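[1] Pasting the sequence and the predicted model now:
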Amino acid sequence: MTTTTKKTTTSKTKKSSTENTKLPTNPFQHEILALASSQRSNAKKVEVLKEYENPALKSILIWNFDESVESLLPEGDVPYANAEEQSVYSGSLSDNLRREASGGESATGQDLDGRGRTSLRREYQNLYHYVKGGNRGLNNIRREMMFINLLRALHPMEAELLILVKDKNLQSKYKITQEVVAEAYPDIQWGGRS
């Protein structure tokens, strides 16, 4: 009597961990950009941007990639709002937001597990204050204070995203190009904004 053993094989389908990733309803803009950035092909990046399309995302992408949009904010790191906070937390607001976003101590005084009190999805309509041709009635000091207050109210990762966008430097963190954005959102008219 011979005993045979049946060999069972399981077929393994290799799928990228990012292919099956679904974001929650109304995700943060940094979550959308991180997911799109993690895709291997431009076609997949376009697919992600289309799936999570929203006016806030389009606004920050236009600000970042459209050469006719000129930021009225100084380039570089964003300093703290007042001397009191600078003595408590060392470094610039940008440094501390990055530290907080990576799981460090709260540098912005936010609670609720590091979540801000607002989001770019809610605040995108106010971004016109920070670009040329937007709110001409604001002086530079008031504009910069409003921007700092906005950053402090946002989730740290969204604040970091907005700092990158004001300097047109989004692509330093996210692997997304203007060509990908233009393909995902053909309704965006580039140029002629200032």
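    Structure received. What you are looking at is a predicted structure, and each value in this text was computed from that prediction instead of being measured.
[2] Going by C-alpha atoms from here, please, whenever you check contacts or count neighbours.
    Fine.
[3] in the chain, which helix or strand is least confident?
    Sorting the helices and strands of the chain by mean pLDDT, DSSP states H and E puts helix 83-88 at the bottom, at a mean of 45.
[4] show me where this protein has helices.
    Using DSSP state H, the helices of the chain run over 29-38, 42-51, 55-65, 83-88, 93-101, 120-123, 140-153, 156-166, 178-184.
[5] next one: the shortest one to chain centre, how far?
    Spelled out, that is helix 120-123. For helix 120-123, the distance from its own C-alpha centre to the chain's C-alpha centre is 11 Å (CA atoms, centre = their mean, to the nearest Å).
[6] Can you dump the C-alpha atoms of it in PDB for me?
    Only the C-alpha atoms of helix 120-123 are listed here, as PDB (Å, rounded to 0.1, in the frame of the first residue of the first chain):
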ATOM      1  CA  LEU A 120      -7.400  72.600   4.400                       C
ATOM      2  CA  ARG A 121     -10.700  71.100   3.200                       C
ATOM      3  CA  ARG A 122     -12.500  73.700   5.300                       C
ATOM      4  CA  GLU A 123     -10.000  76.600   4.900                       C
END
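[7] List the contacts of it.
    By CA atoms under 8 Å, 6 or more residues apart in numbering, the residues outside helix 120-123 that reach it are Phe28, Gln29, Asn54, Pro55, Ala56, Leu57, Leu154, Glu158.
[8] So which one of the residues you listed is the model least confident about?
    The pLDDT minimum for those sits at Leu154, where the score is 90.
[9] Might one say that that residue is in contact with Ile148?
    No - counting by CA atoms under 8 Å, Leu154 does not reach Ile148; the two are 10.1 Å apart.
[10] Compare the two and say which is more crowded by neighbours.
    The residue with more neighbours, out of Leu154 and Ile148, is Leu154; 22 against 17, by other CA atoms under 10 Å.
[11] Would you mind naming the residues that bridge with that one?
    Counting by DSSP bridges, Leu154 forms beta bridges with Thr118.
[12] For Leu138, give me its contacts.
    Going by CA under 8 Å, 6+ apart, Leu138 touches His129.
[13] Would you mind checking the average pLDDT for stretch 162-173?
    Regarding stretch 162-173, the rounded mean pLDDT is 95.
[14] no no, stretch 122-141
    91.
[15] What residues of that stretch count as buried?
    By neighbour count on 16 or more other CA atoms under 10 Å, the buried set for stretch 122-141 is Leu127, Tyr128, His129, Tyr130, Val131, Lys132, Gly134.
[16] would you list the residues you listed in a markdown table and tack on distance to Ser41?
    Compiled in a markdown table, the buried residues of stretch 122-141 are given as follows (distance: CA to CA, whole Å):
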| residue | distance to Ser41 |
| --- | --- |
| Leu127 | 31 |
| Tyr128 | 32 |
| His129 | 35 |
| Tyr130 | 33 |
| Val131 | 32 |
| Lys132 | 34 |
| Gly134 | 36 |
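[17] out of those residues, who's nearest Gln39?
    Gln39 lies nearest to Leu127 out of the buried residues of stretch 122-141, by CA to CA, at 28.1 Å.
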